[in-house]
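Student: sequence first, predicted model second:
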Amino acid sequence: MPAVKDILRTMDYGPAPEANAEILAWLAARPRFGHFIDGEHADPAEGGHFEVRNPATGALLAEVAQGSAADIDAAVAAAKAALAPWQALSGHARARYLYALARLLQKRERFFAVLETMDNGKPIRESRDIDIPLVVRHFYHHAGWAELIESEFPQHRPVGVCGQIVPWNFPLLMLAWKVAPALAAGNTVVLKPAEFTPLSALAFAELCREAGLPQGVVNIVTGDGRTGALLVEHPDVDKIAFTGSTEVGRLIRKATAGTGKKLGLELGGKSPFIVFDDADLDAAVEGVVDSIWFNQGQVCCAGSRLLVQEAVADRLIGKLKARMETLRVGDPLDKSTDVGAIVDTVQLERIRSLVEAGRAEGAVCHQLGAPLPKEGLYFPPTLVTGVGPASTLAQEEIFGPVLVAMTFRTQAEAIELANNSRYGLAASVWSENINVALDAAARLKAGVVWINAANLFDAAAGFGGYRESGFGREGGREGLADYLVPAADVTEAKPVRLRSVDFSAAPAAALPEAVATAPRFDRTAKLYIGGKQARPDSGYSYTVTDHRGAAAGQVGLGNRKDIRNAVEAANKASAWAGVTAHNRAQVLYYLAENLEARANDFRDRIATLVDGDAKAAAAEVEAAVARIAHYAAWADKYDGLVHATRSRNVTLAMNEPFGTIAIACPDEAPLVAFVSLVAPAIAMGNRVVVVPSPVFPLVATDFYQLLDTSDVPGGVVNIVTGERSVLAKTLAEHDDVAAFWYFGVDDGASAVEAASAGNLKPVWAHARPVRWTSPAEGQGREFLRRATQVKNIWVPYGE
Amino acid sequence: MAAEPVQIRGAAPADAAALPNVRPRNEGTPLHVEWFDAARVNLSAAERRAATITTRRTVKKEWQAAWLVRAIQLIDLTTLAGDDTEERVARLCAKARKPLRDDLVAALGLDFSLTTGAVCVYPAMVPAAVRALEGSGVPVASVATGFPAGLIPTRLKLEEIRYAVEEGAAEIDIVITRSHVLDQNWRALHDEVRAMRAACGDAHLKAILATGDLRSLRNVYKASMVAMMAGADFIKTSTGKEDVNATLPVSLVMARAIRDYRALTGFDVGFKPAGGIRTAKDALAWMTLMKEELGTDWLEPELFRLGASALLGDIDRQLEHFVTGRYSADNRHAVA
């Protein structure tokens, strides 16, 4: 120990280790962990145990059970059995359990913080001041939701058994983000923590017991990816909530395709950190520190792409390099450590190899000068310059303390660079000009935008991504909604008897009425793309029959290229999202007006095609007019929220359109189903590519004349007729389609869900029939919720 | 606009007790409005940084003791009250000469004469303070220029400075005319501080910005820059008499201004927070801020002072706790 007078010469900080004797004692008493199933410790059925080590020291912390199929079976069975009694409790009673968990966590804050740091390698400052307080906050917040769920979410029910798979970067926080809303909504849970960091979840299991949580409500099965896969594939799991890599997210998307499981994915990112020339540069430098050197950069929403306006680039980079020198990398348990250990050698190797690949491409790496600890898994804070958007380091998610810096000239270029990514999780915008900042926030494709801030989190705000960063939200009202399903999903409607369609291009028998008289002028139903009627690329048509089986006309047999053209047209019509909601409402009202003017034509068409029942057909047209009016009314009323998060801050939860939504229409109620899907989507500013029912496509092709005469801009609604499953697959695979609504009682949904894994577009696969004319089933907020994604914009303010 | 930083100094002083003044004085520059006109300061970001700067660093055990000893050396031990008397000032000076009990000094192994950084008084008390501190090496600082409001005629302000300097004050804590900042009249502010600096002669000038009156952090930044351009040796937050005195966010902004000014001119300017700094923990917070934002040089009295009256008592108690392992009481330490 140096003498006081010697320290006076250097004025160093000296060591400030956080004591961990309590945790070592806790671990010593538990050399081998089992699973937590049905409220009890459960030894692994067959998988044995694996070691969990402290990444900062390499020390063995514990042995943890490897979950096998039998373990997952037991846990899911326990969760399933617990479902009914848990849901039978009042919201208030569930709130008490969540409140108890919050309290118990709060009383063990330091215990969990130290355990987390030992298991994960993150600095104690972060686990103590950020992770664990947010965990506590999340349980408190959702205790509140449990209390309010019946009144705030009427006509909703819990999803059921939730399989939850959490990553190693924020082990307990991600558990909280998943478990708290699930329980508040009345679900039960089987959670699989990450194999590198299972210990805080196992400690949480003990807390569940302490809180007297009913058995089976929370089950925890540890293990590696194989265990996770078993959970994903289990038939009795109703929802999978996953946070982790985009790569694994894709596997899960494919594995759950067609199973009817609800899915929430919170995946990777390569989030932009944009500094405009009128930013507070010193503040931006600290923002960078809080972005990419937070949790060793192992943060899905890390601002890993620094985009700085040329005029201030040199100054900012200079300040950043100076700031890097004061970062302290080392013992995560030391209270003065800024950057701790990388979670595992696997991750460290990945970071190293990516940085090496970057260097080989000519990237210039500026790294912290101070030496790293000799023991343990460390990577120095790194600033990479000399890269362009095409560089590996600028595109790949590194998940380490590596920042790539690029410059831009104008705001437009900043947005272009920022959005030039497959991901869309978060963004940080630095400007003291409110016009610049809010304009950027509006144009960024990201689920979370922080203005003059970075990595702000709160249980009251939603978190989640656009694009390949996943779908679904965690936190806030929007996050809770993902743990509920509308009661309207339960229907008494019977599936329509499918009339087989012959897609052959062969000439059909004569059309009715054509016999013995001069032929009526042939009406050629075409595709409708970009506001224009278009002949199918294939040059083929197929014959549509009426309810008597006679040929009713021909429609184009759309193919891949027609889909390509339709999506292109839809994306080009992006101005639709920018017009006022009032304007969209006016267009929809006009559409309703014109439909009503042609009600008789549509009545006759529907009656002829469907079942000859003119009265029912008239009712359907009437319902369709009302449906369009319904969404015209909604167009300027589906408001976002302002979440109550921090002081002197507004957190805006904006409902934004996806962009281009693919819609596959069902076979029942051909007109009202068509408008029930198209109207909410375009009311919210989306453009749609619609594949109408292949049985009744003529209703949709009749409809495009209305579109033409109702001021619907070209490209907003595109109609491609043909074989639904074939066209749907092309649409599902299309990377420029942002979301998919598949309505059809056939196995097409499964293929669509599997194919959607490419760009991870959210799929609303609705395999049950719907009574479309019924307002309770055929319209409402759920359609609008599905038509939008929530962007949370954090705007701290103050002078 | 960005001049290359100039490296001026050599190694840190070898002996912590003797902190020789090797640094060139800030000579000031002509007024360069373009150096700060476009300055942006984001309040929420400054608050976040200030709030976490102390949670990111901790000093424990010997290091904490050393930091607290240094804190003593940084204190401008202050009395600025209407009821100050020469005897009261003499008592304060006695405490400045011997801020810590001999047994504690011995137990801490300090082999140098430990004193506070300075004693700070009203001009009328300068003669008494100079007498009381004779031979101690502790400089006398005097407030001046119509402290605390600064609303006396300019001629009298300069006269007051000259009086205090003539009576032996080595440091003069001046107050600026707040209206110059609120009116954004940077020329007037620059002229004012420049004239005060000239009146100080060899005495060092600490410019009190009275940040609580300036309201916005942008104003704080701009006023800091102008005061430095006018030749201030130190910039200081507050008189202790405003509604809001030294805060960490304000200090952060002033520290960053010092950093920017250094990059532009090569001159090192000192910083002095004052008002409301009462606990050892407060002192450590400000010291951490200095070390993180400006570097270890700003943990020396030459570049950093803590304006305080009650702080020393708490540091005494904490140091006794370090030595004995027992929590201490006020009555075991000499009052100032």
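Tutor: Sure, I can see it.
Student: use CA for all of it now, contacts and neighbours both
Tutor: Will do.
Student: near chain B, which residues of the stretch 651-799 of chain A? Just list them.
Tutor: The interface of the stretch 651-799 of chain A toward chain B, taken as C-alpha under 8 Å from any C-alpha of the partner chain, is made up of A:796, A:797, A:798, A:799.
Student: er, the stretch 251-400 of chain A actually
Tutor: Taking C-alpha under 8 Å from any C-alpha, the part of the stretch 251-400 of chain A that reaches chain B is made up of A:278, A:279, A:280, A:281, A:282, A:283, A:286, A:326, A:335, A:336, A:337, A:338.
Student: looking at the residues of the stretch 651-799 of chain A next to chain B, which one is closest to residue A:291?
Tutor: Minimum distance to residue A:291 across those is 16.7 Å, recorded for residue A:796 (C-alpha to C-alpha).
Student: got any ranges where the chain has weak pLDDT?
Tutor: Picking chain A for this. Scanning chain A with the threshold set as pLDDT under 70 gives A:489-492, A:496-498, A:508-519.
Student: meant chain B actually
Tutor: Chain B contains residues with pLDDT under 70 at B:1-21.
Student: closest residue of it to chain A?
Tutor: Using C-alpha to the nearest C-alpha, the single residue of chain B nearest to chain A is residue B:57, 4.3 Å away.
Student: tell me the phi and psi of residue B:119?
Tutor: Main-chain dihedrals, residue B:119, degrees, to the nearest 10: phi -120, psi 140.
Student: show me what contacts it?
Tutor: Contact analysis of residue B:119 by C-alpha atoms under 8 Å, 6 or more residues apart in numbering or on different chains lists B:76, B:77, B:78, B:92, B:93, B:96, B:129, B:138, B:139, B:140, B:141.
Student: so which of those sit within helices?
Tutor: With helices taken from DSSP state H, the overlap with those comprises B:92, B:93, B:96, B:129.
Student: if we can go back for a sec, make TSV out of the residues of the stretch 651-799 of chain A next to chain B and add neighbour count, secondary structure and distance to residue B:329.
Tutor: What follows is these, written out as TSV (neighbours: other C-alpha atoms under 10 Å in any protein chain shown; DSSP: H, G, I helix; E, B strand; the rest coil; distance: C-alpha to C-alpha, whole Å):
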residue	neighbour count	secondary structure	distance to residue B:329
A:796	19	strand	43
A:797	15	coil	43
A:798	11	coil	42
A:799	10	coil	42
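Student: quick one on the thing from earlier: restricted to buried residues, select the residues of the stretch 251-400 of chain A next to chain B in PyMOL.
Tutor: The command below creates a PyMOL selection of those among those that count as buried (16 or more other C-alpha atoms under 10 Å in any protein chain shown):
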select buried, chain A and resi 278+279+280+281+282+283+286+326+335+336+337+338
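Student: what about the residues of the stretch 251-400 of chain A next to chain B, which are in helices?
Tutor: By the criterion of DSSP H, membership of those in helices covers A:281, A:282, A:283, A:286.
Student: from those, which single one is nearest chain B?
Tutor: Ranking these by separation from chain B, with C-alpha to the nearest C-alpha as the measure, puts residue A:283 on top at 5.7 Å.
Student: tell me which residues touch the closest one, please.
Tutor: The neighbourhood of residue A:283, defined by C-alpha under 8 Å, 6+ apart, consists of A:452, B:41, B:42, B:45, B:46, B:49.
Student: run the last query once more with 7 Å
Tutor: Residue A:283 makes contact with B:42, B:45, B:46 under the criterion C-alpha atoms under 7 Å, 6 or more residues apart in numbering or on different chains.
Student: can you tell me the number of residues neighbouring residue A:28?
Tutor: By the measure other C-alpha atoms under 10 Å in any protein chain shown, the count of residues near residue A:28 is 12.
Student: that one and residue A:147, how far apart?
Tutor: Per C-alpha to C-alpha, to the nearest Å, residue A:28 is found 39 Å from residue A:147.
Student: as CSV, the residues of the stretch 251-400 of chain A next to chain B with distance to residue B:333 would be great.
Tutor: What follows is those, written out as CSV (distance: C-alpha to C-alpha, whole Å):
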residue, distance to residue B:333
A:278, 52
A:279, 49
A:280, 45
A:281, 46
A:282, 42
A:283, 42
A:286, 41
A:326, 37
A:335, 31
A:336, 31
A:337, 35
A:338, 38
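Student: in the residues of the stretch 251-400 of chain A next to chain B, find the pair that's most separated.
Tutor: A:278 and A:335 (34.6 Å).
Student: tell me which residue is most central in the chain.
Tutor: In the absence of a named chain, chain A is used. The centroid of chain A falls nearest to residue A:471 when counting by C-alpha atoms, centre = their mean (1.4 Å).
Student: look at chain B instead
Tutor: Closest residue to the average C-alpha location of chain B: residue B:272 at 2.3 Å, with C-alpha atoms, centre = their mean.
Student: C-alpha coordinates for stretch A:604-619, PDB please?
Tutor: Taking Å, rounded to 0.1, in the frame of the first residue of the first chain, the C-alpha atoms of stretch A:604-619 are listed here in PDB:
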ATOM      1  CA  ASP A 604     -74.300  -8.200 -58.600                       C
ATOM      2  CA  ARG A 605     -70.700  -9.200 -59.000                       C
ATOM      3  CA  ILE A 606     -70.400 -10.600 -55.600                       C
ATOM      4  CA  ALA A 607     -73.700 -12.400 -55.800                       C
ATOM      5  CA  THR A 608     -72.700 -13.900 -59.100                       C
ATOM      6  CA  LEU A 609     -69.400 -15.000 -57.900                       C
ATOM      7  CA  VAL A 610     -70.100 -16.100 -54.400                       C
ATOM      8  CA  ASP A 611     -73.400 -17.800 -53.900                       C
ATOM      9  CA  GLY A 612     -76.100 -15.900 -55.800                       C
ATOM     10  CA  ASP A 613     -77.400 -14.400 -52.700                       C
ATOM     11  CA  ALA A 614     -78.000 -10.800 -53.700                       C
ATOM     12  CA  LYS A 615     -79.200  -9.700 -50.300                       C
ATOM     13  CA  ALA A 616     -76.100 -11.000 -48.600                       C
ATOM     14  CA  ALA A 617     -74.000  -9.400 -51.300                       C
ATOM     15  CA  ALA A 618     -75.800  -6.000 -50.800                       C
ATOM     16  CA  ALA A 619     -75.100  -6.300 -47.100                       C
END
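Student: what comes into contact with the strand or helix carrying residue B:316?
Tutor: Element membership of residue B:316 [criterion: DSSP states H and E] is helix B:311-324. Outside helix B:311-324, the residues within contact range by C-alpha under 7 Å, 6+ apart are B:65, B:68, B:72, B:100, B:104, B:107, B:277-280, B:327-330, B:333.
Student: which of those are close to chain A?
Tutor: residue B:65 (C-alpha under 7 Å from any C-alpha of the partner chain).
Student: from the contacts of helix B:311-324, pick the one nearest residue A:637.
Tutor: Closest approach between the contacts of helix B:311-324 and residue A:637, by C-alpha to C-alpha: residue B:277, at 52.4 Å.
Student: sorry, back to before: the residue nearest to the centre of chain B reaches residue B:239, doesn't it?
Tutor: No. Using C-alpha atoms under 7 Å as the test, residue B:272 is too far from residue B:239 to be in contact (10.6 Å).
Student: so what's residue A:132 up against?
Tutor: For residue A:132, the set of contacting residues under the criterion of C-alpha under 7 Å, 6+ apart consists of A:109, A:113, A:173.
Student: wait, I meant residue B:42
Tutor: By C-alpha under 7 Å, 6+ apart, the residues touching residue B:42 are A:280, A:283.
Student: mind running it again at 8 Å?
Tutor: Contacts of residue B:42 were listed using C-alpha under 8 Å, 6+ apart, and they are A:280, A:283, A:432, A:452, A:798, A:799, B:217.
Student: ok, back up a step: how about the helix holding residue B:316: buried residues?
Tutor: Of the residues in helix B:311-324, those buried (16+ other C-alpha under 10 Å) are B:311-323.
Student: and the residue nearest to residue A:246 when sequence neighbours are not counted, how far from residue A:274?
Tutor: The spatially closest residue to residue A:246, leaving aside those adjacent along the chain, is residue A:267, at 5.0 Å (C-alpha to C-alpha, 6 or more residues apart in numbering or on different chains). In this structure, residue A:267 and residue A:274 are 21 Å apart, going by C-alpha to C-alpha.
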